[in-house]
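> I would like the atomic coordinates for the input below:
(2 chains)
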Amino acid sequence: METKEYQALVKRRAARSPVVKNCAAAFWCGGLICALGQLLIYLYTLAGMQRRDAGTLTTITLVFIAALLTGIGVFDRIARYAGAGTLLPVTGFANSVVSPAIDNKSEGLILGVGAKIFTVAGPVLLYATLAGVVWGVVYFIITLFV
Amino acid sequence: MELLLSLVRAFLVGGVLCVSAQLLIDLTKLTPARILVLYVTVGVLIGALGIYEPLEKFAGAGVSVPLLGFGGNIARGVKEAVVEKGLLGAMTGPLTAAAGGTAAALVFGYLAALIFHGKPKSQT
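Now for the predicted structure:
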């Protein structure tokens, strides 16, 4: 291979490699969190819970773990490596709620914690609710004709 | 054995979903907040289209733990609420279905803010 060609190849690879590396980290970290979720669902149903309640409690458990890890400052370090692997699971949602709540404590419990706790949760809940209501209206109209 | 397979399915599907989000982060200028909003909304959409339920039956926590599941759960809750209460269900359904995770995040977030001390400035 020509030296020039080789250099171009190295350059391309180098530019792409962080993406590949990030994706690998996101894959196994995100996968692991989901597998942990699956294990929790299994354990909760084993303990006699309904499948759906077990799912909800699993979400709550993961949110608790993420809140705790955020509080002691470990979550950020994991997230820096895992990227979307910790962001996309409900752990990322929890972190985005807990982190600004802690960081804005100095501004008071009402407009500091109270308002900033919704920094990311607000948009998520708003658009989830909007989409949900639209779907509800559409489904209601469907039920009128079917 | 059944447990092991369900863990593997959750791992693989959850992992792939996270890779899709990572690609969005790396290749577009989407911020984490936009990504979360996007996946929740897409979750509601695929729930409405009837794709979410079979997907969850297959992958379990692999789709219900990522934010997609938050949306899928809402779509399912809304549908049940409309069946039960008609048009009123369209209003009460979404937040009812999202209640567990949201309340947990808010309560644990508040407690964490009381207990822990953060860095002086946030970078959300």
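
> What is the longest helix belonging to chain B packed up against?
Assignment by DSSP state H gives helix B:87-115 as the longest helix of chain B. Contacts defined by 3 or more CB pairs under 8 Å, 6 or more residues apart in numbering or on different chains; DSSP states H and E place helix B:87-115 against helix A:51-71, helix A:90-103, helix A:121-145, helix B:67-85. The way it works is simple: take the backbone N, C-alpha and C, and place the C-beta from them, glycine included.

> Just confirm yes or no for the worst-scoring helix or strand of chain A on mean pLDDT near chain B.
Across the helices and strands of chain A, mean confidence by mean pLDDT, DSSP states H and E is lowest for helix A:3-46: a mean of 88. Yes - Helix A:3-46 reaches chain B (CB under 8 Å from any CB of the partner chain) through A:18-19, A:22-23, A:25-42.

> Return the members of these classed as buried.
A:22-23, A:25-27, A:29-42 (16 or more other CB atoms under 10 Å in any protein chain shown).

> hang on, the earlier thing: direction-wise, compare the least confident helix or strand of chain A with helix B:67-85 and give the angle.
Here the directions of helix A:3-46 and helix B:67-85 differ by 40 degrees (axes from the mean of the first three to the mean of the last three CA atoms, to 10 degrees).

> which helices and strands does helix A:3-46 pack with?
helix A:51-71, helix A:74-82, helix A:84-87, helix B:2-27, helix B:61-64.

> out of those helices, which comes closest to B:Val107?
helix A:51-71 (8.9 Å; CB to CB).

> which residues are contacting that closest one?
A:33, A:36-37, A:40-41, A:44-45, A:49, A:75-76, A:78, A:86, A:89-95, A:97-99, A:102, B:61, B:64-65, B:73, B:100-101, B:104-105, B:108-109, B:111-112, B:115-116 (CB atoms under 8 Å, 6 or more residues apart in numbering or on different chains).

> Give me the buried subset of these.
By 16+ other CB under 10 Å, those give A:33, A:36-37, A:40-41, A:44-45, A:49, A:75, A:78, A:86, A:89-95, A:97-99, A:102, B:61, B:64-65, B:73, B:100-101, B:104-105, B:108-109, B:111-112, B:116 as buried.

> Can you give me the neighbour number for residue 106?
You didn't pick a chain, so chain A it is. 11 (other CB atoms under 10 Å in any protein chain shown).

> my bad, chain B
B:Leu106 has 19 nearby residues by other CB under 10 Å.

> hang on, it packs against A:Gly122?
No - using CB atoms under 8 Å, B:Leu106 is not in contact with A:Gly122; the gap is 11.2 Å.

> so, in contact with chain B or not, stretch A:123-137?
Yes - Stretch A:123-137 reaches chain B (CB under 8 Å from any CB) through A:123-125, A:127-129, A:131-133, A:135-137.

> Just the buried ones from those?
By 16+ other CB under 10 Å, those give A:123-125, A:127-129, A:131-133, A:135-136 as buried.

> Leaving out chain neighbours, which residue sits closest to B:Val65?
Of all residues not flanking B:Val65 in the chain, A:Gly37 sits nearest, at 4.0 Å (CB to CB, 6 or more residues apart in numbering or on different chains).

> who's in contact with A:Tyr42?
B:3, B:6.

> What about the closest residue to B:Ile115 other than its chain neighbours, how many residues nearby?
Of all residues beyond its chain neighbours, the one nearest B:Ile115 is A:Gly71 (6.3 Å), with distances taken as CB to CB, 6+ apart. Neighbour count of A:Gly71, defined by other CB under 10 Å: 23.

> For chain B, give me the ranges with low pLDDT.
Low-confidence segments of chain B (pLDDT under 70): B:119-124.

> residues contacting residue 86?
Using chain A here. A:Thr86 neighbours (CB under 8 Å, 6+ apart): A:29-30, A:33, A:66, A:75, A:78-79, A:92, A:95.

> sorry, should have said chain B
So, once contact is read as CB under 8 Å, 6+ apart, B:Gly86 ends up touching A:Phe140.

> and what of A:Gly114?
So A:Gly114 contacts nothing (CB under 8 Å, 6+ apart).

> next one: B:Lys85
B:Thr92.

> Now look at stretch B:44-64 and say if it contacts chain A.
Yes - judged by CB under 8 Å from any CB, stretch B:44-64 comes into contact with chain A through B:44-45, B:47-48, B:60-62, B:64.

> Thanks a lot, catch you later.
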